[in-house]
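Asker: can't give you the sequence, but here's the structure:
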């Protein structure tokens, strides 16, 4: 066998070994591991003296691994030389995955160039696999986050439903406050808690739970907190912002009291009504780092609900009757119910700042339509409350979906469309004197059967729900949304006129148009 043939076979064997080495690069799940493997193979296979691998699209490209260079600028200068001993390769159609540069001592032969190209293509496929894997991981993580958020919101929803149901049966102010503390423990487990009333510069604890286990029940019952002696509480009252103390031993402004030295973590939430601080909801734990900012979000609906009760307590204390049981008249019960309804509606507004006030305005318009249609006072009251609460089901929808600025995907849309059913599930447990839950369930149904959740049509839809549906559309279109600017009232009225008798009840549309065009109705 002559020398040329032997040399040819040697080259062939060398090429096959190189291909084997390239194909033996393992499938890796991170760019960092892949980059290190690529560098080692490049040196072993090609004996290169300059090497640079940059990753990412042009505007965000970073130098992942190199030797012989200090930065991307030096690489660019090398590339411009375009020498026969250099190899340059872009990953992706326009190099969106990155770029590879290698330089060896002698000119690159055709055989070597083929191996370089195979090597580069293998890198490209590995980068694509890593990108797809990372995308799947992100999607999985986002999906898990949404499910977790939904579970947490569902728990809060169920707790609020129980609270509303319970409060509806109570006529004693102190029982209402005790129930709020009980429900708070279900949401955020604590060692002790209290609801306190603010009067001038002092705070009086009017209801409490858990202190008897630490032998300080009597001490707490007589405790009067003076703001100027408790700087953290004083600041909270001024700013109206909740307070979280993860570890009281590490908080320099925490006031040490012998009887409460066992408290290791603490939350205080101001209970406000019309911008006024009426009192405080205070939660304690004997374990450090027990509470977080997320716990404040979970407790806020209860603090909102407590505001109505504390307003009553404030009035009672003026006549020294706070500690006495007082049976409420029907009017008082009605006011408390209205207050609870408004507090729950405020919870929806807080979670969706882009549409804050939407439920109140829908209630305003739907009530005006009901009055113009000469419905009974009972029906008008039902429609008023239905308007205020019609989106209560959104409490269980993750806030990330509600305030998303772009188009919702299929899963997100299905979660959002579940809110009428969830609202029905919440309110269906309460013995209202009307079919309020059904009205809320049906407010997205349409006359031609194209609505949801049940696809009802015509007279199958309650009149109150038909009124609520028109008011909801008019307010929503005329107001700003995360995914679009306000379309204006003219566009909203054009929509209901165009679909009069198709999507929306004819009589309801006619009355709504009359209110705006003839009677000068405006949202407050």
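Answerer: Arrived safely, thanks for sending. Computed from a prediction, not measured in an experiment: that's the story for all the values here.

Asker: Quick check: next helix or strand after the helix or strand bottoming out on mean pLDDT in the chain?
Answerer: Within the chain, confidence by mean pLDDT, DSSP states H and E is lowest for helix 330-351 among all helices and strands, at a mean of 54. With elements assigned by DSSP states H and E, the helix or strand that comes after helix 330-351 is helix 358-372.

Asker: Which secondary structure elements does that next one sit against?
Answerer: helix 330-351, helix 377-389, helix 463-478, helix 506-517 (3 or more CB pairs under 8 Å, 6 or more residues apart in numbering; DSSP states H and E). (Each C-beta comes from the backbone N, C-alpha and C, glycine too.)

Asker: The last one - what's its average pLDDT?
Answerer: Mean per-residue pLDDT for helix 506-517: 95.

Asker: Measure how that helix sits relative to helix 463-478, angle-wise.
Answerer: 40 degrees (axes from the mean of the first three to the mean of the last three CA atoms, to 10 degrees).

Asker: Quick check: buried residues in helix 506-517?
Answerer: 508-509, 511-513, 515-516 (16 or more other CB atoms under 10 Å).

Asker: Columns distance to residue 405 on top of those residues, output as CSV?
Answerer: Shown next, in CSV, are those (distance: CB to CB, whole Å):
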residue, distance to residue 405
508, 32
509, 31
511, 35
512, 29
513, 32
515, 32
516, 29
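
Asker: which one among those gets closest to residue 474?
Answerer: residue 512 (6.6 Å; CB to CB).

Asker: in terms of contact, does the closest one touch residue 496 like I think?
Answerer: Yes: here residue 512 lies in contact with residue 496, judged by CB atoms under 8 Å, at a distance of 6.4 Å.

Asker: Mutual contacts of the two, please.
Answerer: Shared contacts of residue 512 and residue 496 (CB atoms under 8 Å, 6 or more residues apart in numbering): 470, 474.

Asker: Would you mark the buried spots in stretch 365-382?
Answerer: Under 16+ other CB under 10 Å, the buried positions of stretch 365-382 are 365-373, 375, 379-382.

Asker: residues in contact with residue 53?
Answerer: By CB under 8 Å, 6+ apart, the neighbours of residue 53 are 35, 38-39, 63-66, 98-101, 123.

Asker: Return the member of the residues you listed nearest to residue 503.
Answerer: residue 98 (51.8 Å).

Asker: Any idea what that closest one is bridged to?
Answerer: Legend: beta-bridge partners of residue 98 under DSSP bridges are residue 55, residue 91.

Asker: and it, what does it touch?
Answerer: Contacts of residue 98 (CB under 8 Å, 6+ apart): 53-56, 61, 64, 91-92, 127.

Asker: can you put these in CSV and add distance to residue 45?
Answerer: Shown next, in CSV, are the contacts of residue 98 (distance: CB to CB, whole Å):
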residue, distance to residue 45
53, 15
54, 20
55, 21
56, 25
61, 25
64, 19
91, 18
92, 23
127, 19
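
Asker: List only buried entries from those residues.
Answerer: Of the contacts of residue 98, these count as buried by 16+ other CB under 10 Å: 53-56, 61, 64, 91, 127.

Asker: Just the mean pLDDT for the lengthiest helix in the chain, thanks.
Answerer: Taking DSSP state H as the criterion, the chain has its longest helix at helix 110-167. Throughout helix 110-167, pLDDT has a mean value of 75.

Asker: likewise stretch 376-396?
Answerer: On average, stretch 376-396 scores 85.

Asker: And for stretch 297-314?
Answerer: 77.

Asker: Stretch 424-435 now?
Answerer: On average, stretch 424-435 scores 76.

Asker: which residues touch residue 511?
Answerer: Counted by CB under 8 Å, 6+ apart, residue 511 has contacts 369, 372-373.

Asker: For residue 178, which residues are in contact?
Answerer: Neighbouring residues of residue 178 by CB under 8 Å, 6+ apart: 207, 209.

Asker: Helix, strand, or coil at it?
Answerer: helix (DSSP: H, G, I helix; E, B strand; the rest coil).

Asker: what do you get for residue 254?
Answerer: From three-state DSSP, the assignment for residue 254 is coil.

Asker: you'd agree residue 198 is up against residue 276?
Answerer: No: with contacts counted by CB under 8 Å, residue 198 stays clear of residue 276, the gap being 9.0 Å.

Asker: So these two - more neighbours on which side?
Answerer: Each of residue 198 and residue 276 has its neighbours counted (other CB atoms under 10 Å); residue 198 has more, 21 against 13.

Asker: quick one: the more buried one from residue 239, how far?
Answerer: Going from residue 198 to residue 239 by CB to CB, to the nearest Å gives 14 Å.

Asker: shared neighbours of these two, which are they?
Answerer: Here residue 198 and residue 239 have no joint contacts, going by CB under 8 Å, 6+ apart.

Asker: quick one: buried residues of stretch 389-409?
Answerer: Going by 16+ other CB under 10 Å, stretch 389-409 has these buried residues: 389-399, 401-402.

Asker: same check, this time on stretch 187-194
Answerer: Under 16+ other CB under 10 Å, the buried positions of stretch 187-194 are 187-188, 190-194.

Asker: Not counting its own residues, what contacts that stretch?
Answerer: 155-156, 159, 181, 184-185, 205, 207-211, 213-214, 220, 263, 267, 281-287, 290-291, 295, 298-299, 302.

Asker: rerun that using 6 Å as the cut-off
Answerer: 159, 181, 184, 205, 208-211, 282-286, 295, 298-299 (CB atoms under 6 Å, 6 or more residues apart in numbering).

Asker: now stretch 57-76
Answerer: 35, 39, 50-56, 96, 101.

Asker: That one: end-to-end distance?
Answerer: By CA to CA, to the nearest Å, the extent of stretch 57-76 from end to end equals 15 Å.

Asker: Could you pull up the mean pLDDT of that stretch?
Answerer: pLDDT averaged over stretch 57-76 gives 74.

Asker: ditto for stretch 243-254
Answerer: On average, stretch 243-254 scores 94.

Asker: Next, the buried residues of it.
Answerer: Buried, per 16+ other CB under 10 Å, within stretch 243-254: 243-246, 248, 254.

Asker: Please apply the same query to stretch 447-459.
Answerer: 447, 451, 456.

Asker: end to end, how far does it reach?
Answerer: End residues of stretch 447-459 are separated by 8 Å (CA to CA).

Asker: which residues are contacting that stretch?
Answerer: Residues contacting stretch 447-459 (CB under 6 Å, 6+ apart): 417, 420-421, 444-445, 502-503.

Asker: just to revisit the earlier point, adding distance to residue 146, write the contacts of residue 53 out as CSV.
Answerer: Formatted as CSV, those follow (distance: CB to CB, whole Å):
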residue, distance to residue 146
35, 33
38, 36
39, 39
63, 36
64, 32
65, 36
66, 40
98, 32
99, 37
100, 38
101, 42
123, 35
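
Asker: Closest one of the contacts of residue 98 to residue 426?
Answerer: For the contacts of residue 98, the nearest to residue 426 is residue 56 (47.6 Å; CB to CB).

Asker: ok, the closest one - contacts?
Answerer: Here residue 56 is in contact with residue 62 (CB under 6 Å, 6+ apart).

Asker: and if you look at residue 126?
Answerer: Contacts of residue 126 (CB under 6 Å, 6+ apart): residue 34.

Asker: cool, residue 105 as well?
Answerer: So residue 105 contacts nothing (CB under 6 Å, 6+ apart).

Asker: 10 Å instead, please
Answerer: Going by CB atoms under 10 Å, 6 or more residues apart in numbering, residue 105 touches 47-49, 85.

Asker: Now which of those residues would you call buried?
Answerer: 48, 85.

Asker: quick one: which two of the contacts of residue 105 are the most distant?
Answerer: Most distant of the contacts of residue 105, by CB to CB, are 47 and 85, 11.3 Å apart.
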